[in-house]
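In: What follows is a predicted protein model with its sequence.
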Amino acid sequence: MLPDVSTAYAAVMNTVRDFGAEEAPFTAAAGRILREPVLADRPFPPYDRVMMDGIAINYRESYAKGQTIFGVEDMQAAGMARKQLGNMANCLEVMTGAVLPELTDTVVPYEHLQVMEHEGFRRFTITQPVSKHQNIHWTGHDATAGQTLIVSGTRLSPAEIGVLATVGKSYVKVARLPKVAIIATGDELVDVSAIPAPHQIRMSNAWSLAASLQGLGISASCHHVVDTKPAVTNLLQSLRDADVWICSGAVSAGKYDHLPQVLEEMGMQQIFHKVQQRPGKPFLFGRFPEGPVVFALPGNPVSGFMCFYRYLQPWFMAGMGQPLPPTEYAVLGEDVLFDKPLTYFLPVQLRPQPNGQWQAVPHSYHGSGDLASLLQADAFMELPAERNEFRKGDAFPVWRYR
C-alpha cells in the first residue's frame, strides 16, 4: 500500500542529517543559519545614552525646586568621554547618542527650550513640563552583559548582522551548506539557450529547483542526462560526493524510466516509491548508507515544484538546524470538488482578509504539466484524501512558494 502524505513526510524527516557547521565572516553570513548562540559582550546600551538633542540637568537640585532657567557649562557630544556637571544650577548641552554627563539625570529637548545668548554666554529657559529621567536610554535597559541576543537556529537577516557587528563577532559559526546535485533526465530536454525542435522542450525543472534552494541559501549544480541506463549510471557515479541528489523525471513506469533500477543497482536503500497524492504521486525517496540522500521527483513541473516545498524544504531546514515554522492555514475562496482518494495539492493565490485570515483562491489549472499556472498562485493548499467536497470558508494547510 502506498504511504499517505503524512507517512511519507515522516519518513523523509526521519532521515534528516546534520550537515555540520563552519566559521564564516559576519560580512558573508547573511542568509546563513546560525549554529551558536550570540551573547551580549556588554550591556545594551553600554552607557546611559542621551536620546534627544537638548540639555542635561540634575532634576532634584534644580527643576524640582522651581528652577526653569539654566546657564550652559559645556557640551557633551556623541563619542566624547563622559563630562561632569559642576554647578547643579547649570546644565550641559547634549547630543543624541552621547553619554549622559555625570551628576545629571534628565534631558530636556531643544524643542522645549527657549535660548538666550549674551556676550557668548548661553541660557536656556524650559517652556514645557519636565519629567525626571526623561529622554535617557539607561545602561542595560535592552540587554545585560552575557544575555543571549540571537539563538542558535536563527536565519541571519540584516538585523542580525548588525547585532553581530555590535558585539564584535567578526566570525560566526553557521550551518555548513549541503552539496546538492540536481539531475534532469530526458531526451526531450535541450539547453535554455537552444532553439528546441518541435518534439523538444527547454530544461526548466532543474532551474526552478535550483532557485528554490537559493531561497535557503544553498547553491546546487545542475546536470542533464539522456534516457539510457549507462548514461544515468555514469553521471550518478560521478556525483557520489554530493550530500543530496535531486532528480527530476524518469521515476514512473515508462520504458525509458531507468532511474529507479539504476539507483537500486547502485545500492540505494529505497524508503518509498509513490505517495497517495496529486500531483507528485511517483515521488521516490531513498538514501545510500555512505552517500547521498535521494529525492527523485516526477518530471511534470508542478509535481516536482510541489514536492520541494512540502518535503524537501523542511528537510533541508532541519538539517541546517533551523526550527520549522508552524503550518500555515488559509480558507478556501470557492468550492472545490476532487473525487480521487488522494491528497490534492491545489495551486492557490493567497489574499489577506480584514479579519486577519488568508483566503486561498484557486486559479485555472490544467494538471501537473501546467507550469504557467504557478505564475498565478502563491502556494499549494493541501486538501485531505478522505473528503471529496471542499467548501468555501473551510480552512486547510497551505505551503507557500512565494
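Out: Structure received.
In: quick one: contacts of stretch 282-289?
Out: Contact with stretch 282-289 is made by 8, 11-12, 15, 251-252, 259-260, 263, 266-275, 277, 293-298, 303, 307, 311, as judged by C-beta atoms under 8 Å, 6 or more residues apart in numbering. C-beta here means a position set from N, CA and C on the backbone, and glycine is covered the same way.
In: Pull out the buried residues from it.
Out: Pro282, Phe283, Leu284, Phe285, Gly286, Arg287 (16 or more other C-beta atoms under 10 Å).
In: Would you report the backbone torsion angles of the last one?
Out: Taking degrees, to the nearest 10, you get phi -160, psi 150 for the backbone angles of Arg287.
In: Could you measure from it over to Gly393?
Out: 42 Å (C-beta to C-beta, to the nearest Å).
In: next one: the fourth one
Out: Separation of Phe285 from Gly393 (C-beta to C-beta) stands at 35 Å.
In: partners of whatever helix or strand Phe345 lives in, with directions?
Out: According to DSSP states H and E, Phe345 maps onto strand 343-352. Looking at strand 343-352 with DSSP bridges, its partner strands are strand 277-278 (parallel), strand 358-362 (antiparallel), strand 379-383 (antiparallel).
In: Just the local confidence number for Tyr256, please.
Out: Listed pLDDT for Tyr256 reads 54.
In: picking up where we left off before, just put the buried residues of stretch 282-289 in a markdown table and tack on distance to Val361, secondary structure and pLDDT.
Out: As requested, the buried residues of stretch 282-289 are arranged in a markdown table below (distance: C-beta to C-beta, whole Å; DSSP: H, G, I helix; E, B strand; the rest coil; pLDDT from 0 to 100):
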| residue | distance to Val361 | secondary structure | pLDDT |
| --- | --- | --- | --- |
| Pro282 | 28 | coil | 94 |
| Phe283 | 27 | coil | 96 |
| Leu284 | 32 | strand | 96 |
| Phe285 | 32 | strand | 97 |
| Gly286 | 37 | strand | 97 |
| Arg287 | 38 | strand | 97 |
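In: Tabulate those (JSON lines), appending distance to Tyr59.
Out: Shown next, in JSON lines, are the buried residues of stretch 282-289 (distance: C-beta to C-beta, whole Å):
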{"residue": "Pro282", "distance to Tyr59": "75"}
{"residue": "Phe283", "distance to Tyr59": "70"}
{"residue": "Leu284", "distance to Tyr59": "73"}
{"residue": "Phe285", "distance to Tyr59": "69"}
{"residue": "Gly286", "distance to Tyr59": "72"}
{"residue": "Arg287", "distance to Tyr59": "69"}
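In: Where does the record place the domain boundaries for this protein?
Out: For the chain, automatic domain parsing gives the domain ranges 5-19+177-319, 21-44+141-175, 50-135, 328-400.
In: right, so those domains: which one is the most enclosed?
Out: domain 5-19+177-319 (a mean of 18; mean count of other C-beta atoms under 10 Å).
In: From the chain's centre, how far out is that domain? Work that out for me.
Out: 23 Å (C-alpha atoms, centre = their mean, to the nearest Å).
In: picking up where we left off before, what's the closest of the strands paired with strand 343-352 to Leu209?
Out: strand 379-383 (15.3 Å; C-beta to C-beta).
In: what's the neighbour count on Thr327?
Out: 9 (other C-beta atoms under 10 Å).
In: Who are the contact partners of the nearest residue to it once chain neighbours are set aside?
Out: Nearest residue to Thr327, sequence neighbours excluded (C-beta to C-beta, 6 or more residues apart in numbering): Pro397, at 5.0 Å. Applying C-beta under 8 Å, 6+ apart to Pro397 gives the contacts Thr327, Glu328, Tyr329, Met381, Glu382.
In: Make sure the third one is actually in contact with Ala395.
Out: I take that to be Tyr329. Yes: contact criterion C-beta atoms under 8 Å: Tyr329 and Ala395 qualify, at 4.8 Å.
In: Spell out, range by range, the strands that occur in the stretch 101-250 of the chain.
Out: 106-109, 113-118, 121-126, 136-137, 148-150, 171-175, 180-185, 189-190, 201-202, 220-225, 244-248 (DSSP state E, counting those that start in this stretch).
In: for the first one, packing partners?
Out: Under the contact criterion of 3 or more C-beta pairs under 8 Å, 6 or more residues apart in numbering; DSSP states H and E, strand 106-109 touches strand 54-57.
In: Name every strand pairing with the strand it packs on and say which way it goes.
Out: strand 90-94 (antiparallel), strand 106-109 (antiparallel).
In: export those to a markdown table and tack on mean pLDDT and distance to Gly66?
Out: Output for the strands paired with strand 54-57, formatted as a markdown table (pLDDT from 0 to 100; distance: least, C-beta to C-beta, whole Å):
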| stretch | mean pLDDT | distance to Gly66 |
| --- | --- | --- |
| strand 90-94 | 98 | 15 |
| strand 106-109 | 98 | 15 |
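In: Need these in JSON lines (columns: distance to Met116).
Out: Compiled in JSON lines, the strands paired with strand 54-57 are given as follows (distance: least, C-beta to C-beta, whole Å):
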{"stretch": "strand 90-94", "distance to Met116": "13"}
{"stretch": "strand 106-109", "distance to Met116": "15"}
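In: Extract the CA atoms of the helix or strand where Met75 lies and return them as CSV.
Out: Using DSSP H and E, Met75 falls within strand 69-76. What follows is strand 69-76, C-alpha atoms only, in CSV (Å, rounded to 0.1, in the frame of the first residue of the first chain):
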residue,chain,number,x,y,z
ILE,A,69,16.4,78.9,33.6
PHE,A,70,19.8,77.3,33.1
GLY,A,71,23.2,78.5,32.2
VAL,A,72,25.4,76.3,29.9
GLU,A,73,28.6,74.9,31.3
ASP,A,74,29.8,72.8,28.4
MET,A,75,28.9,70.4,25.5
GLN,A,76,28.6,66.6,25.6
